[in-house]
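Q: From the sequence below, what's the structure:
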Amino acid sequence: MRILIVEDEPKTGDYLRQGLQEAGFGVDLARNGPDGLHLALTGAPDLLILDVMLPDLDGWQVLQTLRAAGREMPVLFLTARDQVEDRVRGLELGADDYLVKPFAFSELLARVRTLLRRGKAKEPEILRAADLELDPLKRRATRAGQRIDLTAKEFALLELLLRRQGEVLPRSLIASQVWDMNFDSDTNVIEVAVRRLRAKMDDPFDPKLIRTVRGMGYVLEVPEA
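A: Numbers count the residues shown, from 1 in each chain. Have a look, this model is predicted:
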């Protein structure tokens, strides 16, 4: 599971990132509103921890924009604004929880895990495209009813492509989401993984679902008849 933190106070942001990584989560950290919004829209985090008072674009605006764009990931406001009206505003804008600073990390972690469980319950059990089916819980992939054996990274790559079906995913996004690393233009690890995935779930079947968009990245989509 991947968590995006949007927090401008350096010590708090670094503390949260380290604590959540030690708890086993993948973590991205943005230091201002525009960067946080961009990562939330392009990175598909499983949960967003969002400060209210942010440079350039405040947390209220970030959340409004995300919900208007149809992004339904759970959002936890973490802020020093402790007035009742602030909490009500955050919840009315679409936040799932609201925690006031200073906070105990153990409480924040408990709330994060609760929100992630709720979010998982809302996700479709089976991801589909044409005759391709992926069951994230059972870690099972089939095409035209045939079982496809995938490595852990191949499964994660295919799941990302299916969840973002129809979107062109840049190599930098794939690197951060699947390999938890910054994209290095000198490495061909992504091209190799896509080629191996295609060999298993695309080459033996029709229609072809994974398409390379030159200079941009990859997209999984069902071709129009």
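Q: hey, where'd the helices end up in the chain?
A: Remark: helices assigned in the chain by DSSP state H are 10-22, 33-43, 59-68, 84-93, 105-122, 152-163, 171-178, 189-201.
Q: among the ones you listed, which is nearest residue 220?
A: Of all the helices of the chain, helix 152-163 sits nearest to residue 220, with 3.8 Å by CB to CB. For every residue, glycine as well, the C-beta is placed using N, CA and C.
Q: how near is residue 41 to residue 113?
A: Counting by CB to CB, to the nearest Å, the gap from residue 41 to residue 113 is 24 Å.
Q: swap that for residue 80, sorry
A: Distance of residue 80 to residue 113, given as CB to CB: 23 Å.
Q: And residue 16, by the same measure?
A: Applying CB to CB to residue 16 and residue 113 gives a distance of 15 Å.
Q: How is this structure partitioned into domains?
A: Taking automatic domain parsing as the domain assignment, the ranges for the chain are 2-122, 127-220.
Q: Would you format those as CSV with mean pLDDT and mean neighbour count included?
A: CSV is the format used below for the domains of the chain (pLDDT from 0 to 100; neighbours: other CB atoms under 10 Å):
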stretch, mean pLDDT, mean neighbour count
domain 2-122, 90, 17
domain 127-220, 89, 16
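Q: what's residue 60 in contact with, if anything?
A: Shown in contact with residue 60 (CB atoms under 8 Å, 6 or more residues apart in numbering): 52, 89-90, 93.
Q: which of the residues you listed lies closest to residue 159?
A: residue 93 (29.4 Å).
Q: Can you tell me the closest non-neighbouring residue to the closest one?
A: Nearest residue to residue 93 in three dimensions, chain neighbours excluded: residue 63, at 5.0 Å (CB to CB, 6 or more residues apart in numbering).
Q: wait, isn't that neighbour in contact with residue 51?
A: No. Using CB atoms under 8 Å, residue 63 is not in contact with residue 51, being 11.1 Å away.
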